[in-house]
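> the following block contains a protein sequence and its predicted model.
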Amino acid sequence: MHECTQLTFLNYAIFYKCKYLRSIQLPPNLKRIGSACFHETESLTQISLPDTVTTIDGYTNIGRVFGNSALSQITITSNSNLNYIGSDVFANCKLTFFFFPRKLTQVDPSCFSGCPLSEIVIDEENPSYKTDGKIIYSGKNNNTLFFVSSTKTGSFTVPSYVSNVGNSAMRGGSLSEIIMLDNVKTLTSWCVSGNPITTFTFPIDVTTVPSSMFNGCKQLTTVYFTNNITKILNNAFYYCSLLKNVELPPNLTELGNEAFYNCQSLKSISLPESLETLGNAVFGLVRDIVITSQNPNIVVDEYTMYRDNNQTLFTYLGSNQNYNITIRSSCNQIAAKTFLEKNLQNVYFSNNDNMTIGANAFESSKIKSIVMPPGLNFIDINAFKLCRNLENVTFLGNQLKSIPDYCFYKNFNLKYIKLPTSIESI
């Protein structure tokens, strides 16, 4: 490609999964590399970046520019015009060394997640970042922990001059213990996700557990909250499958969507009276958990949980494949993922008015039959996707106008379905 002097942009996924591509000479006037351009190029081990390149795009649903590739060496000169590297660009590739040229001032720290970087060098004239070789700092007086290489193992104590732990700073790392002293005031999304830590204690001044903070920390068993924590955001403990010791802080006001999703070892938890906002699928895929509520607006009714004055059914806790559920007459919404992968047999309604069924509400559950109430007026996508035991579906009433995408996708045993005459689109 060296002779392609007019080419300034390599398009998205142009060499995606070209597993036999061993070398490439990039166009001399290239300015931008698109998402997933070299994603999973299993034989490409090194590449030289022309000085003209200013932008390497971040992650999209297509993939990552060099993600999961064999890339172990990228040559960047001190004259490089590189200014921006987006999210997950080098995630899980083989990079062992990286040089930050002076103009590189916009970097998403997740770009190096899972890379075995043993040496980081930053141009002395770079105004944004500093390094000790394996750790990158940013901000005034290096007060932000920006990135920690996954080659660091064992116990790591965040330095005393750090007050902010940045987005994805330690994501995909190899640390067995992370100690944050009370100098740390702010934590951000994904900051310790994927590390093999077993316990964690929050600094005294931290008030929010950010989204996906512990996402994929599969060895985590115990967390210690302080009374100052008021919010636990979406996916905070997502797939922490060994987490079992959790006492929610007494002043908690918000518990986000899928906060404890697939925390299969969690057997009991008490929701504090202060709780004002409770998301969908908070305890998704958690079986045999006992939940008590100190908040009168959050009702635990045997295996079902309601919020919003009993109007929203948002959690099902049962695990018996032969169990039948009768939904309260006051309920007008089944929230997204409420019965995702759950064991149950039949669902009965109580003439519920203005009923809606959320996205993925019954996906992959063991439900066998359901009679929709006359008041059903909306079903979201994937509602009954992969319900392979579902045999009979009956719609009563004439308010529902459409059946959404993938509603009954791969329901191999579906034998009978009666649609309402009001249906206008499928």
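Arrived safely. Numbering: from 1, shown residues only.

> contact partners for Tyr161?
With contacts defined as CB atoms under 8 Å, 6 or more residues apart in numbering, Tyr161 is in contact with 141-143, 183. Backbone N, C-alpha and C define where each C-beta goes, glycine included.

> what do you get for Ser138?
Contacts of Ser138 (CB under 8 Å, 6+ apart): 128-130, 144, 146, 166.

> please apply the same query to Phe384.
Taking CB under 8 Å, 6+ apart, one finds 361-363, 367, 390, 393, 407-408, 411 in contact with Phe384.

> okay if I get the contacts of Tyr161 as JSON lines plus secondary structure, neighbour count and pLDDT?
JSON lines is the format used below for the contacts of Tyr161 (DSSP: H, G, I helix; E, B strand; the rest coil; neighbours: other CB atoms under 10 Å; pLDDT from 0 to 100):
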{"residue": "Asn141", "secondary structure": "helix", "neighbour count": "10", "pLDDT": "90"}
{"residue": "Asn142", "secondary structure": "helix", "neighbour count": "18", "pLDDT": "93"}
{"residue": "Asn143", "secondary structure": "coil", "neighbour count": "16", "pLDDT": "96"}
{"residue": "Asn183", "secondary structure": "coil", "neighbour count": "14", "pLDDT": "96"}
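
> turn those into a markdown table, columns for distance to Gly318.
Shown next, in a markdown table, are the contacts of Tyr161 (distance: CB to CB, whole Å):
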| residue | distance to Gly318 |
| --- | --- |
| Asn141 | 53 |
| Asn142 | 51 |
| Asn143 | 48 |
| Asn183 | 45 |
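
> partner strands of the helix or strand containing Val347, parallel or antiparallel?
For Val347, the host element (DSSP states H and E) is strand 346-348. Partner strands and pairing direction for strand 346-348 (DSSP bridges) are strand 324-326 (parallel), strand 369-372 (parallel).

> what does it rub up against?
Outside strand 346-348, the residues within contact range by CB under 8 Å, 6+ apart are 324-327, 367-371.

> and the furthest pair within those?
Across the contacts of strand 346-348, the longest distance by CB to CB is 16.2 Å; it joins Ile327 and Lys368.

> quickly list the domain ranges of this protein.
Domain segmentation of the chain under automatic domain parsing yields 1-121, 134-295, 303-426.

> average pLDDT across the first one?
For domain 1-121, the mean per-residue pLDDT is 95.

> please compute how far it lies from its chain's middle.
When distances are taken as CA atoms, centre = their mean, to the nearest Å, domain 1-121 is centred 24 Å away from the chain's centroid.

> do stretch 123-137 as well
Using CA atoms, centre = their mean, the offset of stretch 123-137 from its chain centre is 28 Å.

> can you give me the helices for the stretch 51-200 of the chain?
In the stretch 51-200 of the chain, no helices are found when defined by DSSP state H, counting those that start in this stretch.

> distance check, the closest residue to Asn297 other than its chain neighbours against Val209.
Using CB to CB, 6 or more residues apart in numbering and skipping residues adjacent in sequence, the residue nearest Asn297 is Arg307, 6.4 Å away. Distance, Arg307 to Val209, using CB to CB, to the nearest Å: 20 Å.

> the two: who's more crowded?
Legend: neighbour count by other CB atoms under 10 Å for Arg307 and Val209, higher for Val209 (25 against 22).

> hmm, back to that, out of the contacts of Phe384, which is most surrounded?
When neighbours are taken as other CB under 10 Å, the top entry among these is Phe362 (28 neighbours).

> correct me if wrong: that residue contacts Ala336.
No: under the criterion of CB atoms under 8 Å, Phe362 makes no contact with Ala336, lying 10.7 Å away.

> narrow the contacts of Ser138 to those in strands?
129-130, 144, 146 (DSSP state E).

> of these, which is the most crowded?
Counting neighbours by other CB under 10 Å, Phe146 comes out on top of the ones in strands among the contacts of Ser138 with 23 neighbours.

> quick check: it touching Ser110?
No: contact criterion CB under 8 Å: Phe146 and Ser110 do not qualify, at 10.9 Å.

> still on that earlier bit, what about the strand holding Val347, average pLDDT?
Mean predicted confidence for strand 346-348 is 93.

> again with stretch 295-308
91.

> equivalent analysis for stretch 212-227, please.
Mean pLDDT, stretch 212-227: 98.

> what of stretch 413-420?
94.

> endpoint to endpoint, it covers what distance?
End-to-end distance for stretch 413-420, by CA to CA, to the nearest Å: 21 Å.

> now stretch 283-294
Using CA to CA, one end of stretch 283-294 lies 17 Å from the other.

> what comes up buried for that stretch?
283-286, 289, 291, 293 (16 or more other CB atoms under 10 Å).

> tabulate those (TSV), appending secondary structure and distance to Asn228.
Below are those laid out as TSV (DSSP: H, G, I helix; E, B strand; the rest coil; distance: CB to CB, whole Å):
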residue	secondary structure	distance to Asn228
Phe283	coil	24
Gly284	coil	27
Leu285	coil	30
Val286	coil	26
Ile289	coil	26
Ile291	strand	24
Ser293	strand	22
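
> tell me where the stretch 101-250 of the chain has strands.
For the stretch 101-250 of the chain, applying DSSP state E, counting those that start in this stretch gives strands covering 106-107, 119-122, 129-131, 135-138, 144-148, 153-157, 164-165, 174-179, 186-187, 199-201, 208-209, 222-224, 231-232.

> what's the most buried one of the ones you listed?
Mean neighbour count (mean count of other CB atoms under 10 Å) peaks for strand 144-148 among the strands of the stretch 101-250 of the chain, with a mean of 25.

> any idea of the angle that strand forms with strand 153-157?
Strand 144-148 runs at 180 degrees relative to strand 153-157, counting by axes from the mean of the first three to the mean of the last three CA atoms, to 10 degrees.

> quick one, phi/psi of Ile357?
Backbone geometry at Ile357, expressed as degrees, to the nearest 10, gives phi -120, psi 120.

> in this structure it contacts Ile334, no?
Yes: between Ile357 and Ile334 there is a contact at 4.9 Å, judged by CB under 8 Å.

> which residue, other than its chain neighbours, is closest to Lys152?
Lys134 (5.8 Å).

> residue contacts, the one you found?
Lys134 neighbours (CB under 8 Å, 6+ apart): 117-120, 148-149, 151-152.

> between those residues, which is closest to Ser189?
Lowest distance from Ser189 to the contacts of Lys134 (CB to CB) belongs to Val148, with 15.5 Å.

> list the contacts of the closest residue to that closest one other than its chain neighbours.
Leaving aside its chain neighbours, Val148 sits nearest to Met170 (4.7 Å; criterion: CB to CB, 6+ apart). Met170 sits next to 145, 148, 156, 178, 191-193, 195 when contact means CB under 8 Å, 6+ apart.

> one more time with 7 Å, if that's ok
Neighbour list for Met170: 148, 178, 191-192, 195 [criterion: CB atoms under 7 Å, 6 or more residues apart in numbering].
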